[in-house]
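Asks: take a look and give me a structure for this.
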Amino acid sequence: MGNDAVSSVVATGDFLLYAWYFHGRLDRYGLNYQQVGSYATLDLADVQLDDAGVYSARVSESGGDSVESVPVTLSVAPALPHHGRTG
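Replies: Here you go, the predicted model:
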């Protein structure tokens, strides 16, 4: 919890559009991704418990054809309490 999570998808084709999905719906963060050439990266900062779940990407090209990635599951563990030592 509190760390970043990153997922990437790679595709080939012309004029590609990438959209990320969370539990089958368009990602609640909007299209929060970075597209570089033929791949796109979803970057989730400061991941919390409610970010856990199934993510996938849909890649579409200008001709209307599209394909969906294999879903990946993000698991988030609660942060462990920190017990500092004194003295």
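Asks: quick test: name the residue nearest the centre of this structure.
Replies: residue 42 (3.9 Å; C-alpha atoms, centre = their mean).
Asks: give the bridge partners for residue 7, please.
Replies: residue 42 (DSSP bridges).
Asks: wait, it sits on residue 51?
Replies: No. Taking C-beta atoms under 8 Å as the definition, residue 7 is not a contact partner of residue 51, at 11.7 Å. Where C-beta positions appear, they are placed from N, C-alpha and C, glycine not excepted.
Asks: who touches both of those two?
Replies: residue 74 (C-beta atoms under 8 Å, 6 or more residues apart in numbering).
Asks: quick one: the residue nearest to the centre of the chain and residue 7 touch, right?
Replies: Yes. The criterion here is C-beta under 8 Å, and residue 42 meets it with residue 7 at 4.8 Å.
Asks: so, low pLDDT: which residues of the chain?
Replies: Residue ranges of the chain with pLDDT under 70: 27-39, 84-87.
Asks: thank you, goodbye.
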